[in-house]
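J.: Below is the sequence, then the predicted model.
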Amino acid sequence: CRSSAVAWIKTGKGWGMDWIRERFLGFDRRPIAVDERGEVSYAQFVGMVDRWRDDLLGRGIRAGDRVALIADYHVQAIALLQSLVGIGCIVVPLPTDDDSTLQERLGIACASWMVRVPPGFADAPEAFLFARVEPQAETLNPLLRPLVAGGLPGFVIFTSGSTGKGKAVLLDHGRMTGKFRDKVRDAYRTLLFLKLDHVAGLNSLFSVIFNGGTIVTCDSRQPRDICAAIERHAVEALPTTPSFLTMLLMSGLHREFDLSSLRVINYGTEVMPESTLGGLRRIFPQVALKQGYGLSEMGVLPTRSRDSSSVWMKVGGFGYDVEVRNGTLWIRSEQAMLGYLNAPSPFDAQGWYDTGDRVLVDGEYIRILGRDSEIINVAGEKVFPVEIENVMLTIQNIADVVIRVKRSPVVGQMIWAECVLERDEDPSAFKRRVIAECRKHLAPYKVPGHITISKNEALVGSRFKKMR
């Protein structure tokens with residue numbers, strides 16, 4: 001497979017792997033993308049990729065270049081991405097809404113080029129901004145050298161980082177896409193919600209286009225705009241986060257828009273509150289609710305939910321080994337990253353990776369409790385935020401809540417609950433009522449000792465995950 005890729009790259013006509021081009025051509029007139037501007041077929045998309053290839057080679061971009069791509073989903077940006085990996089580049093997707101870490105990340109990835117797609121110009125290739133990047137180090141990161149020397153495509157994905165400083169994950173394109181090669185699976189008209197600089201976003205993209213589905217894009221990720229796009233384009237699949245789905249329930253917008261085209265909602269990236277899952281089951285009885293699981297370091301694993309109303313799931317399958325050690329999930333996989341560009345290897349001598357996710361086990365099924373890094377230690381007792389959130393989301397007038405840690409001179413750490421209300425309520429009366437309800441269902445050390453009311457509409461970051 002790799003030798004074939006190298007041969008195609010050296011001719012200047014390749015796509016990295018010949019099966020990808022052949023598959024796209026086989027889908028022919030099927031629409032690969034649709035938005036308010038219209039539809040683009042797979043045949044037209046192949047033409048876009050070929051034109052981008054000629055453009056890239058004309059600019060002097062070659063196999064082995066590390067190209068930072070600052071773009072959101074649009075068929076032209078996706079065609080550019082496909083052409084970059086096709087000629088053997090290592091693509092570094094970066095966020096469109098945060099330049100604060102741009103220079104640092106360009107240096108870590110040893111970027112040689114940067115491409116920025118200006119907002120509002122995604123369908124105008126002539127407006128894409130290309131710039132050479134001066135190297136910030138004299139030598140190439142050793143992990144990059146085999147890909148660069150072989151002209152093999154890859155990705156550098158930056159994790160969000162629990163401390164704010166993300167790790168640079170180096171991924172092999174062949175490992176990432178190999179699982180799509182042997183079999184064409186069911187394809188849906190899918191709204192791409194998870195961002196392009198996120199491994200789950202890339203996996204969603206590949207799952208659609210390598211199986212002949214149609215991507216739907218939306219310039220906004222606010223619930224009203226997402227619902228309007230679902231109605232307008234008859235979206236069938238929505239991969240998203242539990243936090244966004246909680247916001248959707250809070251908004252009541254499912255009553256304003258026709259969302260009957262939905263067949264599947266895939267959720268992941270954080271723990272799903274049981275109350276949100278129950279609410280989704282009530283308003284979308286015809287929709288399959290499927291929990292996903294993935295990590296930047298290990299890729300997106302095959303999963304199977306016990307049923308649409310359950311947070312229990314099976315994890316793993318062909319190419320993955322899964323173990324639970326002392327309540328923590330460990331994974332080994334052929335699809336694992338090549339390593340971190342800015343941190344030591346996290347794998348043990350046998351290639352196992354500690355996910356840091358604490359789980360419960362019931363036969364073949366597991367239930368995610370939360371990350372080790374999220375555990376709050378209250379006077380020696382361990383508390384998982386989602387356990388408290390599950391209880392508080394059932395309390396009247398609480399639309400959403402996030403549990404955080406607050407330092408305490410008495411017990412070291414205490415529980416801080418930040419709440420979004422459905423309607424205004426006297427703060428003192430609200431706090432007394434919440435404490436009384438929590439005491440009925442939670443151990444004393446799990447009852448929030450600090451309760452605040454948020455003036456924001458949501459408690460999530462740009463990736464629509466709760467900010468703990």
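T.: Nice, thanks for sending it over.

J.: tell me, what residue is most central in this structure?
T.: Compute the mean C-alpha point of the chain, and by C-alpha atoms, centre = their mean the closest residue is residue 200, 3.4 Å away.

J.: List the contacts of that one.
T.: For residue 200, the contact set (C-beta atoms under 8 Å, 6 or more residues apart in numbering) comprises 194, 239, 268, 269, 292, 294, 300. Just so you know, the C-beta spots here come from the backbone N, C-alpha and C atoms, and that holds for glycine as well.

J.: can those go into a markdown table with extra columns for pLDDT and distance to residue 313?
T.: Output for the contacts of residue 200, formatted as a markdown table (pLDDT from 0 to 100; distance: C-beta to C-beta, whole Å):
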| residue | pLDDT | distance to residue 313 |
| --- | --- | --- |
| 194 | 88 | 18 |
| 239 | 95 | 15 |
| 268 | 87 | 10 |
| 269 | 83 | 14 |
| 292 | 92 | 9 |
| 294 | 90 | 12 |
| 300 | 89 | 13 |
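
J.: How about the secondary structure of the residue nearest to the centre of the chain?
T.: Following DSSP: H, G, I helix; E, B strand; the rest coil, residue 200 is assigned to helix.

J.: Now the lengthiest helix in the chain: buried residues?
T.: Looking across the chain with DSSP state H, the single longest helix is helix 42-59. Applying a neighbour-count criterion of 16 or more other C-beta atoms under 10 Å, one finds 42, 44, 45, 46, 48, 49, 50, 52, 53, 55, 56 buried in helix 42-59.

J.: go on, stretch 252-272?
T.: 253-254, 257, 259, 262-272.

J.: With stretch 182-195 instead?
T.: Of all the residues in stretch 182-195, those buried under the rule 16+ other C-beta under 10 Å are 187, 188, 189, 190, 191, 192, 193, 194, 195.

J.: repeat for stretch 273-281
T.: Applying 16+ other C-beta under 10 Å to stretch 273-281 flags 273, 274, 275, 276, 277, 279, 280 as buried.

J.: Pipe those residues into CSV and attach pLDDT and distance to residue 455 per row.
T.: Below are those laid out as CSV (pLDDT from 0 to 100; distance: C-beta to C-beta, whole Å):
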residue, pLDDT, distance to residue 455
273, 86, 22
274, 87, 27
275, 86, 23
276, 89, 22
277, 92, 27
279, 92, 24
280, 94, 26
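
J.: Keep only those of those that are in helices.
T.: Of the buried residues of stretch 273-281, the ones assigned to helices by DSSP H are 274, 275, 276, 277, 279, 280.

J.: ok, the residues you listed vs residue 29, which is closest?
T.: Using C-beta to C-beta, residue 280 is the member of those that lies nearest residue 29, at 34.8 Å.

J.: That closest one: what's it in contact with?
T.: 245, 249, 265, 287, 289.

J.: With residue 56 instead?
T.: Counting by C-beta under 8 Å, 6+ apart, residue 56 touches 83, 84, 87, 89.

J.: Mind doing that once more with 10 Å?
T.: Residue 56 is in contact with 12, 62, 65, 67, 80, 83-84, 86-87, 89, 113, 115, 130, counting by C-beta atoms under 10 Å, 6 or more residues apart in numbering.

J.: ranking these by neighbours, who comes first?
T.: residue 89 (31 neighbours; other C-beta atoms under 10 Å).

J.: Next up, phi/psi of that residue, please.
T.: Main-chain dihedrals, residue 89, degrees, to the nearest 10: phi -90, psi 160.

J.: if I read this right, it contacts residue 64, doesn't it?
T.: Yes - counting by C-beta atoms under 10 Å, residue 89 sits close enough to residue 64 to count as a contact (7.3 Å).

J.: Common neighbours of these two, please.
T.: Counting by C-beta under 10 Å, 6+ apart, the shared contacts of residue 89 and residue 64 are 9, 112, 147, 148, 151, 152, 153.

J.: since we're on the last one, how many residues are nearby?
T.: Other residues within reach of residue 153, judged by other C-beta under 10 Å, total 29.

J.: which residues sit against stretch 227-234?
T.: Here stretch 227-234 makes contact (C-beta under 10 Å, 6+ apart) with 34-36, 39, 189, 191, 193, 214, 216-220, 222, 235-236, 238, 248, 251, 253-262.

J.: actually stretch 433-443, not the one I typed
T.: Contact with stretch 433-443 is made by 378, 381, 383, 387-388, 390-392, 394-398, 401, 415, 417, 419, 425-426, 444, 446-449, 451, as judged by C-beta under 10 Å, 6+ apart.

J.: In this structure residue 226 contacts residue 257, no?
T.: Yes - counting by C-beta under 10 Å, residue 226 does reach residue 257; the two are 9.3 Å apart.

J.: which neighbours do the two share?
T.: Overlap of the contact sets of residue 226 and residue 257 (by C-beta under 10 Å, 6+ apart) is empty.

J.: follow-up on the earlier one: which ones among the buried residues of stretch 252-272 map onto strands?
T.: Under the assignment DSSP state E, those contribute 264, 265, 266, 267 to strands.

J.: Farthest pair within the residues you listed?
T.: Taking C-beta to C-beta, no two of those sit farther apart than 264 and 267, at 10.3 Å.

J.: Can you check the pLDDT for residue 76?
T.: Per-residue confidence (pLDDT) for residue 76: 93.

J.: Find the nearest non-adjacent residue to it, please.
T.: Computed as C-beta to C-beta, 6 or more residues apart in numbering, the closest residue to residue 76 that is not its neighbour in sequence is residue 125, at 5.5 Å.

J.: contacting residues for the one you found?
T.: Residues in contact with residue 125 (C-beta under 10 Å, 6+ apart) are 48, 51, 52, 55, 76, 77, 79, 80, 117.
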